[in-house]
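Engineer: Build the 3D model from these lines:
(2 chains)
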2 protein chains.
Amino acid sequence: LPAVSDLVAIVGTGQMGLVLAESLASQGVRVRFWGRDRAAAETLARTRRSPARLPGLALPGSVEVTGRDEGLFDGATLAVSAVPTQFIAAIWGRLRRVLPERLAVVSVAKGIENGSLRRPTEAIAAAAGDETRAPRRALCALSGPTIAAELGRHLPATMVAASPDESLGRLVQRLFGSPWLRVYRNDDLVGVEVAGAAKNVIALAAGMVDGLGAGYNAKSALLARGLAEIARLGASMGARIDTFFGVAGVGDLATTCFCPEGRNRTCGERLGRGETLQRILSETASVVEGVPTTRSLVQLARAQGVDMPITTAVHAILFEGLGLRDAIAGLMAREPKAE
Amino acid sequence: LPAVSDLVAIVGTGQMGLVLAESLASQGVRVRFWGRDRAAAETLARTRRSPARLPGLALPGSVEVTGRDEGLFDGATLAVSAVPTQFIAAIWGRLRRVLPERLAVVSVAKGIENGSLRRPTEAIAAAAGDETRAPRRALCALSGPTIAAELGRHLPATMVAASPDESLGRLVQRLFGSPWLRVYRNDDLVGVEVAGAAKNVIALAAGMVDGLGAGYNAKSALLARGLAEIARLGASMGARIDTFFGVAGVGDLATTCFCPEGRNRTCGERLGRGETLQRILSETASVVEGVPTTRSLVQLARAQGVDMPITTAVHAILFEGLGLRDAIAGLMAREPKAE
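Structural biologist: As a prediction, this is how the structure comes out:
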């Protein structure tokens, strides 16, 4: 059970930040909850609600909401990074000044940084200036099939706390576990982060299948072949295959491909119906992590010498003007072979 | 491409038999289509439709529909067994008299025979009297995420032709492959049959999650943990782990857990809403393969010394009076651990 002295500093007031703040606080953990926009943080502190992000969720009174960098991590047991991957460098670069050298950071982002091709925990370490320090800061990815609205309603869910640092994994398991959230441990940080990033790209493709009305058979084949290419990439980077069988692998992929509310799937569905990417992104309030991550993954796959036909097709559709039906025809027409 | 001389004898006029007959015939393969009830077969021969089984599908005029055993396999390139697992012994026992010793049989059933704990192709071989013969008949399982109504509409889909006999695998790939159906080959007959059987049990559990309104996070966790226990069982029986990552593994599991129309998921959903199994089965026209297969799998898991907590819980709910909420609470409360 959480100890009275535990305090978790959550960085980022998006959906995952909100549900984790509510969940921790409802389990008796003290939470300091930081947003980069001080005026918005003050509104959230007062109203306890974020209707645009997660209608229905109310932050318990015990959650301290702040927009101030100073003192953000004072007395914290650990920090949570709940900001989209492409914003990590800016936000953790800004917070570097106040972040204690040894404070453990748990990331819930699902993407790969453009340009650097860093995983979220690598991007945090780089932004925090850890790379020149020894010993390194303990880092953890907390990932799994977690539709935020369901977590907010305390519906049963599972996550994986992935860290090479076993004591950090156990701490995250103890703090975040609850009667409705079962937290597994895993030492395969690379695998869990690769799975979390790459599933958003497959979810874009799954949405396109939905937009075309191609059916469950097609979407499930996409899920299976998508999982296979994600696992290939992960294995080439040193991940364990088992991770892709787990809740943070196939579990997260399934939710992302099938839950109608997912942002990446929804973006894909609108593309499948013929809307332009530019228009969809301009009308989507939240970040669609899969779009920038598709760019990173194609580069990563090339660098690793791994064949990722679905990810490559999504890239061609998003950024190279390939037609959707041509892409599907291309995937279906590949030489029949052993699976 | 199919040769003019190819003739496929399909045994069983259920949903899969119907869509395979239509699909083969529309690709120019000659089809002889057999039903055990001669009067029903004659009606089907005349009307070309089976509104109770698959409204919307019309059999091409080239499909020869018959209820006669005599001559059923004359000139056949191969036979397809499209009967539910628990009926294989009776039907192939009846057809044994007319079945040529060397004719290859392709099975599309997804279950494990009660009592004998045989996989479908094993049950066919036993019923056909193959066990005392050498060399053995070539056998193949054809499996994958195949909602019949979608296949009937020629929506894109994938299947796996699994056989230790590579030439049979290639023949099935050649005959059944089409512009809308991509057929992979796999030599892991055990893995594909175990995956196909066990996914129906997980689908019952997935339906229960739906019936309780527990959400996508819970169902996806169930899918991931279900896949893990299926793969454990398969590995103990000599299957390859890769098979469970494939379209006949995780692909079929995903469709079965998420497509609203699936019989096993629907049965589970009604259980989740509080209906009795007896009532549900009495009101379901088609066979719910997962129900008898749950009995077989629990015995198989015990014999193999494999831990299958979800399958065991489904068994307790179906046959031992365990309450659904108690079962979920039990699964969620297991000691937090490494995944």
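Engineer: in what helix or strand does residue A:182 lie?
Structural biologist: Assigned by DSSP states H and E, residue A:182 falls within strand A:181-186.
Engineer: Dump that strand to CSV, keeping only the CA atoms.
Structural biologist: The C-alpha trace of strand A:181-186 is given here as CSV (Å, rounded to 0.1, in the frame of the first residue of the first chain):
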residue,chain,number,x,y,z
LEU,A,181,-5.6,-1.3,-11.9
ARG,A,182,-3.3,-4.3,-12.0
VAL,A,183,0.3,-3.3,-12.6
TYR,A,184,2.7,-5.9,-13.9
ARG,A,185,6.5,-5.5,-13.8
ASN,A,186,8.9,-6.0,-16.7
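Engineer: For it, what is the distance to the chain centroid?
Structural biologist: Once both centres are worked out by C-alpha atoms, centre = their mean, to the nearest Å, strand A:181-186 turns out to sit 16 Å from its chain's centre.
Engineer: Is whichever helix or strand comes after that strand positioned near chain B?
Structural biologist: Sequence-wise, the next helix or strand downstream of strand A:181-186 (DSSP H and E) is helix A:189-212. No - using C-beta under 8 Å from any C-beta of the partner chain, helix A:189-212 never reaches chain B; the gap is at least 8.6 Å. All C-beta spots, glycine's among them, are computed from the backbone N, C-alpha and C.
Engineer: Helix A:189-212 vs strand A:181-186, what angle?
Structural biologist: Relative orientation of helix A:189-212 and strand A:181-186, computed by axes from the mean of the first three to the mean of the last three C-alpha atoms, to 10 degrees: 130 degrees.
Engineer: and helix A:189-212, average pLDDT?
Structural biologist: Mean pLDDT, helix A:189-212: 97.
Engineer: from the middle of its chain, how far away would that helix be?
Structural biologist: Per C-alpha atoms, centre = their mean, the centroid offset for helix A:189-212 relative to its chain is 11 Å.
Engineer: Identify each buried residue in the next helix or strand after it, please.
Structural biologist: Toward the C-terminus, helix A:189-212 is succeeded by helix A:216-236 as the next helix or strand (DSSP H and E). By neighbour count with 16 or more other C-beta atoms under 10 Å in any protein chain shown, helix A:216-236 contains the buried residues A:216-235.
Engineer: Of these, which are in range of chain B?
Structural biologist: Checking the buried residues of helix A:216-236 against chain B by C-beta under 8 Å from any C-beta, the ones in range are A:216-221, A:223-225, A:227-228, A:231.
Engineer: so what does the strand holding residue A:182 touch, helix or strand wise?
Structural biologist: If you count contacts as 3 or more C-beta pairs under 8 Å, 6 or more residues apart in numbering or on different chains; DSSP states H and E, strand A:181-186 packs onto strand A:157-162, helix A:166-176.
Engineer: Among the ones you listed, which comes closest to chain B?
Structural biologist: For the helices and strands packed on strand A:181-186, the distance to chain B is smallest for strand A:157-162, at 3.7 Å, taking C-beta to the nearest C-beta.
Engineer: neighbouring contacts of that closest one?
Structural biologist: Contacts with strand A:157-162, where a contact means C-beta atoms under 8 Å, 6 or more residues apart in numbering or on different chains, come from A:106, A:140-146, A:150-151, A:168-169, A:172-173, A:176, A:180-189, A:191-193, A:243, A:246-248, A:251, B:215, B:217-218, B:221, B:224-225, B:339.
Engineer: CA-only coordinates of that strand in PDB, if you can.
Structural biologist: Extracted in PDB, the C-alpha atoms of strand A:157-162 (Å, rounded to 0.1, in the frame of the first residue of the first chain):
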ATOM      1  CA  ALA A 157      -7.400  -2.300 -16.400                       C
ATOM      2  CA  THR A 158      -3.800  -3.500 -16.500                       C
ATOM      3  CA  MET A 159      -0.500  -1.700 -17.100                       C
ATOM      4  CA  VAL A 160       3.200  -2.700 -17.200                       C
ATOM      5  CA  ALA A 161       5.800  -0.800 -15.200                       C
ATOM      6  CA  ALA A 162       8.900  -1.400 -17.300                       C
END
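Engineer: what about that strand, distance to the chain center?
Structural biologist: Strand A:157-162 has its C-alpha centroid displaced from the chain centroid by 12 Å (C-alpha atoms, centre = their mean).
Engineer: what about it, average pLDDT?
Structural biologist: Throughout strand A:157-162, pLDDT has a mean value of 97.
Engineer: Nearest spatial neighbour of residue A:210, chain-adjacent residues omitted?
Structural biologist: Ranked by C-beta to C-beta, 6 or more residues apart in numbering or on different chains and with sequence neighbours excluded, the top spatial neighbour of residue A:210 is residue A:269, at 4.6 Å.
Engineer: Pull the number of nearby residues for the one you found.
Structural biologist: 21 (other C-beta atoms under 10 Å in any protein chain shown).
Engineer: Am I right that it is in a helix?
Structural biologist: Yes - counting by DSSP: H, G, I helix; E, B strand; the rest coil, residue A:269 falls inside a helix.
Engineer: Is it in contact with residue A:213, as I believe?
Structural biologist: No - the pair residue A:269 / residue A:213 is not scored as a contact, 10.1 Å apart, by C-beta atoms under 8 Å.
Engineer: Quick one, grab the pLDDT at residue A:337.
Structural biologist: 65.
Engineer: show me where chain A has strands.
Structural biologist: Taking DSSP state E, the strands of chain A run over residues A:7-11, A:30-34, A:64-66, A:78-81, A:105-107, A:139-143, A:157-162, A:181-186.
Engineer: low pLDDT regions in chain A?
Structural biologist: Applying pLDDT under 70 to chain A flags residues A:1-4, A:332-338.
Engineer: Next to chain B in this structure, residues from the stretch 1-150 of chain A, please.
Structural biologist: Checking the stretch 1-150 of chain A against chain B by C-beta under 8 Å from any C-beta, the hits are A:144-147, A:150.
Engineer: Mind picking the two most distant members of those?
Structural biologist: Largest separation among the residues of the stretch 1-150 of chain A next to chain B by C-beta to C-beta: A:144 and A:150, giving 11.6 Å.
Engineer: hey, what's in contact with both of these two?
Structural biologist: Residues touching both residue A:144 and residue A:150 by C-beta under 8 Å, 6+ apart: A:157, B:217.
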